[in-house]
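Asks: Need the 3D shape of this:
(2 chains, ligands or ions: 2)
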Amino acid sequence: MFAFAVKRILQAIMVMLIISCIGFAIKHNFGDPVRDLVGQRVTPTERAEIRERLGLNDPFMVQYARFLGDAVQGDLGQSYFFKKPASEVILKKAPATLELVLCSAFIITFLSVPLGIYAAIKPQKWFSRFIMGSSIIGVSMPVFLTAILLIYVFAVELHWLPSYGRGKTVCIFGWWDSGLLTLDGLKHLIMPSIALSSIMLPLFIRLIRSEMMEVLESEYVKYAWAKGLKPRRVWWVHAFKNTLLPVITVGGVQLGIMVAFTILTETVFQWQGMGSMFIESVERSDTSLMVAYLVFVGLIFVLVNTAVDIIYGLVNPTIRVAGRK
Amino acid sequence: METLIDIKNLRVDFALRSGTVRAVRDVSLSINKGERLGIVGESGAGKSVLGFSIINLISKPGKITDGEIIFKGHDISKYSYDQMRKIRGNRISMIFQDPMMTLNPVLTIGTQMMETVLAHMDVSKKEAEKICLEKLTKVYIPSPEKRLSQYPHEFSGGMRQRIVIAISLLTSPNLIIADEPTTALDVTIQAEIMDLLLELCKTENMGLILITHDLAVVSEVTQRIAVLYAGKVVELGLSEQIINNPQHPYTQGLIQALPQMAGGKKRLNQIPGMMPSLLDMPKGCPFEPRCTICIERCKQEIPILKELESGTQVACFMRNGANKR
Ligand SMILES: Nc1ncnc2c1ncn2[C@@H]1O[C@H](COP(=O)(O)OP(=O)(O)OP(=O)(O)O)[C@@H](O)[C@H]1O
Ligand SMILES: [Mg+2]
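Replies: Numbers count the residues shown, from 1 in each chain, chains lettered A, B, ... in the order given. Ligands and ions are numbered 1, 2, ... in the order given. Model prediction:
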């Protein structure tokens, strides 16, 4: 297991190197750090001087190494618009996005598992057909449409839920602005997280159902029935545990992807997170911030995937023992 | 001799889109307490379906459509799900063909054994564990205490089948149904497992239904043999009678096809032709199209089992006196 974990972590570092390289290439080619520093009103000779002093005329690899060295220490450059370190801007916005993603992941897990399993063990029941039918509609419905529909029904017509923003937040750990601790914050969270989970939820229901159905056909499940076990035990212990393995892998990837998917949801709900910050930084050609976002999201993606792989190893005895040897 | 299980006119149908497949056709068999019965026949003859129908665990859409299975004075074919569950793995245990597929890969051997005990016996976990260890010792698994926490993939095929046998012994059943328990194993281990099974049936006085297409094995283990062809019993008698003095032309063909019967010839004696499709059965005797001794009557009427002087029952007009030459 230890060897397996080390291997996965090394792979994760490789992926991060590649992401940072792409990020730096963008910055190198499209960004203008001099403008980021001094603005438009400086003469060309002064600019050239600053360029030289900042080492911007050095070869690509040298600059990349410098970028990497800074990045490891948490320095992802200066945001042109905010006149602050990019990493600081991102850390300020990250809690909003992460809370949104976590809440959606929560919704997805707690709905897709029971629904998917039900649809697998009782495929003939009308409720199963209803689940499967609506999941097809769910898959094909674009997020912004779901979001706008939600806003129209629950905010505009019914006035039940606020339509934009995060509401009241509480600062925890000194820097994390959390909306999870106030009723107002939670109310604001409901619609965005439903909208964000609406893409993945149907996919997960279908995935869990098809994996579960396959497992239910297996010899070991038939054997579990032949042993005279109670249905609950066969479904939840024998079948579900095996269903879980592929679902964990896919789930990890999807969770990472969801961080990126927030861009759309955040824009619609004016959610002050990293996603809307990214859109703004593109509009303002704030290259440093864009690249910082890219690297940061890449980092989350890689962290989640590595963690998921290690969890997978813990659930799957074959890997666990292979690592032990 | 006390009857253990009495199968009367059992019929199993698979309602498929292309028509109804009758996999078991009016089979009547009875087994005495502690008796070992072999069921032989070529692939697709309905051996497995017959075996599984006894504990009503036929894969979908298979259903018992007629007949009775009398076990301990009750027709268990009419049992409700919960009544049947209490028989499965308790009074009647199964051993499946491939031990690589039978055991659940993500659960320890201990879990898979304990759950069976706890499902049927009112004992504490401590006592259940004691029973597990005792049965593992019976199947000659060395240091069983250590084995309980191991996963199936840590065992060889032969070891796994021993564990499956141990599981089938846990509740001291009256009958074990073993569906080709050695086919998936290494040739060198096959005899070992067969001997173990035979020994255990004798010492524990358990009935055994041994499903196989290996006549040589079955004659050594069982006292009686039923020959199945296209879902029908075509010959039933004492093992030595069936092997040394087969009556039905199909049984004769099977015996001729045994390697040791080929008498040094390069090619084995195959029965020419194929078993008829269960969707499109001939009007008369199902073996008639492949039979070398058939007469006109065989095309028109289905022969039923009749007892000969030797005690063997055979379903053939040419053998059972109805049409002696
Ligand atoms: N799930 C199913 N759906 C449809 N038909 C089936 C199904 N299972 C079995 N059958 C039918 O029942 C017949 C008997 O199958 P069975 O598995 O009992 O054969 P068998 O004698 O055990 O053969 P083998 O030696 O290959 O195990 C098959 O020929 C097939 O037509
Ligand atoms: Mg079979």
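Asks: Surely B:Q300 is in contact with B:G284?
Replies: Yes: using Cβ atoms under 8 Å, B:Q300 is in contact with B:G284, at 5.2 Å. C-beta coordinates here come from the backbone N, C-alpha and C atoms, glycine included.
Asks: how would you label the residue of the stretch 101-250 of chain B at minimum distance from ligand 1: helix, strand or coil?
Replies: When distances are taken as Cβ to the nearest ligand atom, the stretch 101-250 of chain B reaches nearest to ligand 1 at B:H213, 5.4 Å away. Secondary structure of B:H213, reduced to three states by DSSP: H, G, I helix; E, B strand; the rest coil: coil.
Asks: Likewise for B:A15?
Replies: Under the three-state scheme (three-state DSSP), B:A15 adopts strand.
Asks: other SSEs contacting the longest helix along chain B?
Replies: Criterion DSSP state H: the longest helix present in chain B is helix B:187-204. In terms of contacts (3 or more Cβ pairs under 8 Å, 6 or more residues apart in numbering or on different chains; DSSP states H and E), helix B:187-204 is packed against helix B:157-169, strand B:175-179, strand B:207-211, helix B:215-221.
Asks: Which other helices and strands does the second one contact?
Replies: Yep, that's strand B:175-179 we're talking about. Packed next to strand B:175-179, using 3+ Cβ pairs under 8 Å, 6+ apart, are helix B:47-54, strand B:92-95, helix B:187-204, strand B:207-211.
Asks: show me the residues around the residue nearest to B:R224 when sequence neighbours are not counted that make contact.
Replies: Of all residues not flanking B:R224 in the chain, B:L37 sits nearest, at 5.1 Å (Cβ to Cβ, 6 or more residues apart in numbering or on different chains). Contact partners of B:L37, counting by Cβ atoms under 8 Å, 6 or more residues apart in numbering or on different chains, are B:L29, B:I31, B:G207, B:L208, B:I209, B:L210, B:T222, B:Q223, B:R224, B:I225, B:A226.
Asks: So which residue is dead centre in chain B?
Replies: Taking Cα atoms, centre = their mean, the centroid of chain B lies closest to B:I211, which sits 2.9 Å from it.
Asks: er, chain A actually
Replies: A:V259 (2.6 Å).
Asks: residues contacting that residue?
Replies: By Cβ under 8 Å, 6+ apart, A:V259 lies in contact with A:T97, A:L98, A:V101, A:M274, A:V297, A:I300, A:F301.
Asks: can you do 6 Å?
Replies: For A:V259, the contact set (Cβ atoms under 6 Å, 6 or more residues apart in numbering or on different chains) comprises A:V101, A:V297, A:I300.
Asks: quick one: it from chain B, how far?
Replies: Distance from A:V259 to chain B, counting by Cβ to the nearest Cβ, to the nearest Å: 30 Å.
Asks: Against B:N32, how distant is B:E296?
Replies: The gap separating B:E296 from B:N32 is 39 Å, by Cβ to Cβ, to the nearest Å.
Asks: Between those two, which is the more surrounded one?
Replies: Neighbour tally, B:E296 and B:N32, criterion other Cβ atoms under 10 Å in any protein chain shown: the higher count belongs to B:N32, 16 against 9.
Asks: Nearest residue to the more buried one in space, ignoring adjacent ones along the chain?
Replies: Among residues not flanking B:N32 along the chain, B:M1 sits closest, at 4.3 Å (Cβ to Cβ, 6+ apart).
Asks: Just give the number of residues close to B:P61.
Replies: So B:P61, with other Cβ under 10 Å, has 12 neighbours.
Asks: what's across from the closest residue to it other than its chain neighbours in the sheet?
Replies: Nearest residue to B:P61, sequence neighbours excluded (Cβ to Cβ, 6+ apart): B:A15, at 5.2 Å. Going by DSSP bridges, B:A15 is paired in beta bridges with B:T20.
Asks: Can you tell me how far B:A15 is from A:L10?
Replies: To A:L10, B:A15 is 56 Å away according to Cβ to Cβ.
Asks: These two: which has the busier surroundings?
Replies: Under the neighbour definition other Cβ under 10 Å, B:A15 and A:L10 were set side by side, and B:A15 has more, 12 against 9.
Asks: pLDDT score assigned to the closest residue to B:G34 other than its chain neighbours?
Replies: In space, and not counting its chain neighbours, B:G34 is closest to B:N205: 4.4 Å by Cβ to Cβ, 6+ apart. pLDDT, B:N205: 92.
Asks: Same question for B:L29.
Replies: For B:L29, the pLDDT comes out at 94.
Asks: Same check on the one 3 residues further on?
Replies: You'll see B:N32 listed with a pLDDT of 94.
Asks: Tell me what it is bridged to.
Replies: B:T3.
Asks: pLDDT averaged over stretch B:95-105 - what is it?
Replies: The pLDDT scores in stretch B:95-105 average 92.
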